[in-house]
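Q: give me a model of this one.
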Amino acid sequence: MKNFVVLHSPTEAFAVVVMSTGASLPQENLEEVAQELRQRHVNGEVVFDLLTSNGSKTRRYFSTDFDGREFAPGACLKRVQADVALREAAAKYMHEHVSEFDLKLLTPAMRYAARQGIPL
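A: Sure, this is the predicted structure:
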């Protein structure tokens, strides 16, 4: 099972959203993420939503550039602030596909919000 899903970005600031689906970080295997992004012909800034990986609302979104083939060697993820559209899109996807996510690192209140589609 993959430890991430790729979503269309609801904002022009990012090409796509890569959401973690459990405790493993998607960036632990960037080549697998890059392979999926190449298949989708993605080029540009990629935002990672790490809510299920770190259980934190404040250290949740990070971004880096993808040139259409690969992430820059040694590229580090920079923390970004998500706008309302991004948080709402993530909440909607998680609500509609909750069985695909391992929510064990979230607090009970956060798990409830995720299951109800409430943006965190």
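
Q: and the residue nearest to Ala34 when sequence neighbours are not counted, what's its pLDDT?
A: Computed as CB to CB, 6 or more residues apart in numbering, the closest residue to Ala34 that is not its neighbour in sequence is Glu70, at 5.3 Å. For the C-beta atoms, the positions are set from N, CA and C on the backbone; glycine is no exception. pLDDT recorded at Glu70 is 93.

Q: do Glu45 as well
A: pLDDT, Glu45: 95.

Q: is it fair to say it lies in a strand?
A: Yes: per DSSP: H, G, I helix; E, B strand; the rest coil, Glu45 lies within a strand segment.

Q: I'd like to know how many residues surround it.
A: 17 (other CB atoms under 10 Å).

Q: my guess is it meets Val18, correct?
A: No: counting by CB atoms under 8 Å, Glu45 stays clear of Val18, with 11.4 Å between them.

Q: now do the same end-to-end measure for stretch 104-111.
A: The first residue of stretch 104-111 is 8 Å away from its last residue (CA to CA, to the nearest Å).

Q: any residues touching that stretch, and which ones?
A: Gly22, Ala23, Leu51, Thr52, Ser53, Asn54, Gly55, Lys57, Leu103, Ala114, Leu120 (CB atoms under 8 Å, 6 or more residues apart in numbering).

Q: which one of those is nearest His8?
A: Leu51 (18.0 Å; CB to CB).

Q: please name the residues that touch the spatially closest residue to the closest one that is not a sequence neighbour.
A: Excluding its sequence neighbours, the residue lying closest to Leu51 (CB to CB, 6+ apart) is Arg60, at 5.1 Å. For Arg60, the contact set (CB under 8 Å, 6+ apart) comprises Asp49, Leu50, Leu51, Asn54, Ala82, Leu120.

Q: just the buried members of those residues?
A: Buried subset of the contacts of Arg60 (neighbour count, 16 or more other CB atoms under 10 Å): Asp49, Leu50, Leu51, Ala82, Leu120.

Q: surely the second one is in contact with Ser20?
A: Think Leu50. Yes: applying CB under 8 Å, one finds Leu50 in contact with Ser20, separated by 5.2 Å.
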